[in-house]
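[1] here is my input; please provide its structure:
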Amino acid sequence: MAKILYLTTGAISKKQGGSGLFNYQVIEYFFKKKHDLTLGIWSENEFLSKFDSKKYFKQILESNNSGGENKVESGSIELKIFNYESQIDYEINTRYSKRFRFFSNLFPYFVSSKELKLKYKLLDKLHQEPYDRVLIFADFGWIIASLFFSKKGLIIFGDSRELKHLELFISNCKLLINKNLKIKNLKSTLISFIVFINLYLQSIFVIKLIKYSKRKKKNNLKLSTFSPFEKYFYNLRGLDISLTKYFTPQPEELNTLNNKKEGFHIIHVGDLRTTASSLMISEMIKILNDFENIYEENIIINLVGHFDYNSEKAFSKISKNIKVNFLGNIENIQDLYSSNDVFFAPMNYHVGIRTRIISALSNSIPVIAHKSSGYGLIEAINDRDLFLCDDHNDFVQKLYLLAKNPEISKKLSKKGRILWDKSYNPKYNLPLLEETLFS
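    Reported below is the predicted structural model:
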């Protein structure tokens with residue numbers, strides 16, 4: 001049994017989602033392994049409420065008490081929620097080191113100075129406790145502040161945001177050329193370029209800070225990432241970073257194909273209100289309209305996740321022969337996987353690992369996704385485990401191929417499930433995370 005400080009940004013959730021789903025599994029695992037966990041979440045109360053974080057936290061605590069005679073001895077968890085309104089800001093009188101003041105003054109353009117100083121104060125108080133290990137899955141603010149505390153532990157980078165925006169910039173450049181220099185496209189291209197440069201400089205600065213901290217303080221914090229692609233990216237920049245294998249929950253019941261239903265059912269999971277989703281919706285509609293032109297039966301698309309008036313309005317351009325269901329957030333998404341024929345995610349947006357893709361693979365549903373979704377999935381083989389496309393016509397043809405060939409759907413879903421079990425099963429990857437933390 002060990003005392004662990006776990007710092008994270010986001011929520012605790014069993015619903016579809018990235019950091020929330022990851023947090024739930026990590027917390028539950030270390031709790032059941034009898035570790036004493038102090039959980040520090042940096043998040044606004046409204047965000048936590050939206051994802052029912054306190055409910056899921058309570059669920060983890062109560063799960064151990066429902067075992068009766070088979071009850072398993074567990075550790076303990078203390079939940080601390082921090083944000084800008086945190087009263088701790090006024091309770092702690094911390095003397096900042098000259099080194100921290102120097103870096104915090106350089107950082108306001110990237111991370112607010114108030115946020116950085118508050119996180120430093122929080123860590124200063126938290127580190128008064130004799131924690132055995134520190135686990136950080138968070139944003140740059142937590143990571144930067146943590147570098148000034150010599151504690152054994154592990155920092156996990158989510159993904160390199162500048163890589164996402166580099167891809168977005170390149171996409172906008174192509175759009176600009178194809179659309180004959182329209183002002184609207186020129187503006188979006190310039191904005192994406194500025195954001196990319198900003199994030200690129202931020203990334204370079206953080207890497208230099210990490211190297212400096214390691215050299216001056218002989219910091220024991222290990223660095224890791226979920227994506228093999230990003231491991232290579234960081235290594236090229238001279239940063240020693242390892243690989244933490246990602247994981248999504250084991251589905252309770254697998255999808256059984258050949259449940260004959262009318263038409264072809266397509267599912268997409270994700271918040272439709274984001275900028276990247278707005279760009280995706282336009283392309284998705286074009287793909288589905290062209291697919292409808294060559295497919296004779298009914299087409300139904302089920303959209304899971306937050307949506308708003310703008311996303312509903314955007315889908316008004318879809319063919320009237322295609323039925324669109326806005327389902328919002330679903331408590332148990334597994335039932336939906338089993339009643340759909342394909343998981344469709346044509347978003348062109350670079351990330352290291354996409355939770356929604358891996359969750360779909362675990363539920364044994366065929367996946368068609370943009371190739372950018374596969375950058376972190378180096379174990380996946382295109383056309384064997386899933387379909388990765390970057391061309392409009394390729395998306396249309398892959399949808400048609402699955403709609404017309406049940407045997408191909410069976411093979412794709414089976415191989416996708418095997419890939420998840422081999423590479424993203426928490427049964428294997430959570431013990432590896434614990435081993436990395438304590439090595």
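
[2] could you use CA atoms for every contact and neighbour count after this?
    OK.

[3] and stretch 205-223, what's buried?
    Buried residues in stretch 205-223, counted by 16 or more other CA atoms under 10 Å: 205-207, 210-211, 213-214, 219, 221-223.

[4] mind checking which of those residues land in strands?
    221-223 (DSSP state E).

[5] of these, closest to residue 339?
    Among those, residue 223 lies closest to residue 339 (CA to CA), at 40.5 Å.

[6] what distance do you get for the closest one to residue 343?
    Separation of residue 223 from residue 343 (CA to CA, to the nearest Å): 33 Å.

[7] that older thread, how about the buried residues of stretch 205-223 in JSON lines, adding pLDDT?
    Output for the buried residues of stretch 205-223, formatted as JSON lines (pLDDT from 0 to 100):
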{"residue": "205", "pLDDT": "73"}
{"residue": "206", "pLDDT": "74"}
{"residue": "207", "pLDDT": "77"}
{"residue": "210", "pLDDT": "79"}
{"residue": "211", "pLDDT": "80"}
{"residue": "213", "pLDDT": "75"}
{"residue": "214", "pLDDT": "74"}
{"residue": "219", "pLDDT": "69"}
{"residue": "221", "pLDDT": "79"}
{"residue": "222", "pLDDT": "85"}
{"residue": "223", "pLDDT": "86"}
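
[8] residue 274: which of those residues is nearest?
    residue 206 (26.2 Å).

[9] secondary structure class for residue 14?
    Of the three states, residue 14 takes coil according to DSSP: H, G, I helix; E, B strand; the rest coil.

[10] can you tell me the closest non-neighbouring residue to it?
    residue 21 (5.4 Å; CA to CA, 6 or more residues apart in numbering).

[11] try residue 429
    With sequence-adjacent residues excluded and distances taken as CA to CA, 6+ apart, residue 429 is closest to residue 245, at 5.9 Å.

[12] and that neighbour, that's in a helix?
    No - counting by three-state DSSP, residue 245 is not part of a helix but coil.

[13] ramachandran coordinates for it?
    Residue 245 has phi and psi values of phi -80, psi 130 when expressed as degrees, to the nearest 10.

[14] hmm, it is touching residue 422, no?
    No - Residue 245 is beyond contact range of residue 422, at 10.8 Å (criterion: CA atoms under 8 Å).

[15] between those two, which one's more packed in?
    Set side by side, residue 245 and residue 422 show more neighbours around residue 245, with 20 against 12, by other CA atoms under 10 Å.

[16] ok, the more buried one - contacts?
    Shown in contact with residue 245 (CA atoms under 8 Å, 6 or more residues apart in numbering): 226-227, 423-424, 429, 432-433.

[17] ok, now with 7 Å
    226, 424, 429 (CA atoms under 7 Å, 6 or more residues apart in numbering).

[18] follow-up on the earlier one: mind putting the ones in strands among the buried residues of stretch 205-223 into CSV with distance to residue 379?
    Shown next, in CSV, are those (distance: CA to CA, whole Å):
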residue, distance to residue 379
221, 28
222, 24
223, 22
